[in-house]
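Engineer: Requesting a structural model of the entry that follows:
(one chain, ligands or ions: 1)
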Amino acid sequence: MEENQETQNSEIKNRKPMNPILLGGIAIVVLLVVGGFLFSQRRNQPVSDVMPATDENVQGVETEVDNAIVKDALPTVETEQVINIEAGSFYYSQKEIRVKKGQTVKIVLTAKDMMHDFNIDELEVDGPIIKAGESTTIEFVADRVGEFEYYCSVGQHRANGQVGKLIIEE
Ligand SMILES: [Cu+2]
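Structural biologist: Predicted coordinates:
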């Protein structure tokens, strides 16, 4: 304490009477600058905290908008049906497929083992033969109401039970 006072006193002595006022002014300026800096930092923190929430909100809004557009764009019956089927010896993972008349059907066929394919004679569906581990997409329009057998044309697979039933409803 004494040393500080002495230091201050010696400074005041060494300077002109205006110096304390100048020092006070400088102190105020420094306080304003530091205070302003701290204040701006405090303001920045909430803003950075708010930013992710804002992003989420924006994403949420976009998702809602997207859903609304999808709902508006699609009629009550979806125009496309994507059906994943695994083919093995000697089966299809789906023994029955139900679609609506007029739908575009996309059969995503994956061969679990050996070679397989997917055919529906009445609808002129003739899929390519794929090897174990491969996938292919067979697309056709369900343009007729009825029940149609799909089958694998490789070897004796059909005779061994690799068949299924496609049901096209009105
Ligand atoms: Cu087969």
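Engineer: just for the protein, where's the confidence low?
Structural biologist: Under the criterion pLDDT under 70, the flagged ranges of the chain are 1-76.
Engineer: Using the record's assignment, carve it into domains.
Structural biologist: The chain is divided into the following domains under automatic domain parsing: 2-72, 80-169.
Engineer: Let me see the ranges of the helices in the chain.
Structural biologist: In chain order, the chain shows helices spanning 2-14, 19-73, with DSSP state H as the criterion.
Engineer: Residue numbers of the protein in contact with the ion?
Structural biologist: For the chain, the residues found near the ion under the criterion CB under 5 Å from the ion are 116, 152, 154, 157, 162. In this view, the C-beta of every residue, glycine as well, is placed from N, C-alpha and C.
Engineer: I'd like the residues you listed as CSV, with neighbour count appended.
Structural biologist: Formatted as CSV, the entries for the residues of the chain next to the ion read as follows, by neighbours: other CB atoms under 10 Å:
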residue, neighbour count
His116, 30
Cys152, 30
Val154, 18
His157, 22
Gln162, 23
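Engineer: Could you identify the pair within those residues that is furthest apart?
Structural biologist: Set against one another by CB to CB, those have their most distant pair in Val154 and Gln162, with a gap of 8.3 Å.
Engineer: Identify the contacts common to these two.
Structural biologist: Both Val154 and Gln162 are contacted by His116, under the criterion CB atoms under 8 Å, 6 or more residues apart in numbering.
Engineer: what about the nearest residue to Ile167 once chain neighbours are set aside, neighbour count?
Structural biologist: Excluding the flanking residues, the one nearest Ile167 by CB to CB, 6 or more residues apart in numbering is Arg98, at 4.8 Å. Counted with other CB atoms under 10 Å, the burial measure for Arg98 works out to 13 neighbours.
Engineer: beta partners of Glu86?
Structural biologist: Thr110 (DSSP bridges).
Engineer: any idea how far the ion is from it?
Structural biologist: Separation of Glu86 from the ion (CB to the ion, to the nearest Å) stands at 11 Å.
Engineer: what about that residue, distance to Glu96?
Structural biologist: According to CB to CB, to the nearest Å, Glu86 and Glu96 sit 15 Å apart.
Engineer: out of these two, which sits in the more crowded spot?
Structural biologist: Neighbour comparison, Glu86 and Glu96: the larger count goes to Glu86, with 16 against 11 (by other CB under 10 Å).
Engineer: quick one, what contacts that one?
Structural biologist: When contacts are counted by CB under 8 Å, 6+ apart, Glu86 is found next to 92-93, 109-110, 112.
Engineer: Recalculate using a threshold of 10 Å.
Structural biologist: Glu86 makes contact with 92-94, 108-113, 116, 135 under the criterion CB atoms under 10 Å, 6 or more residues apart in numbering.
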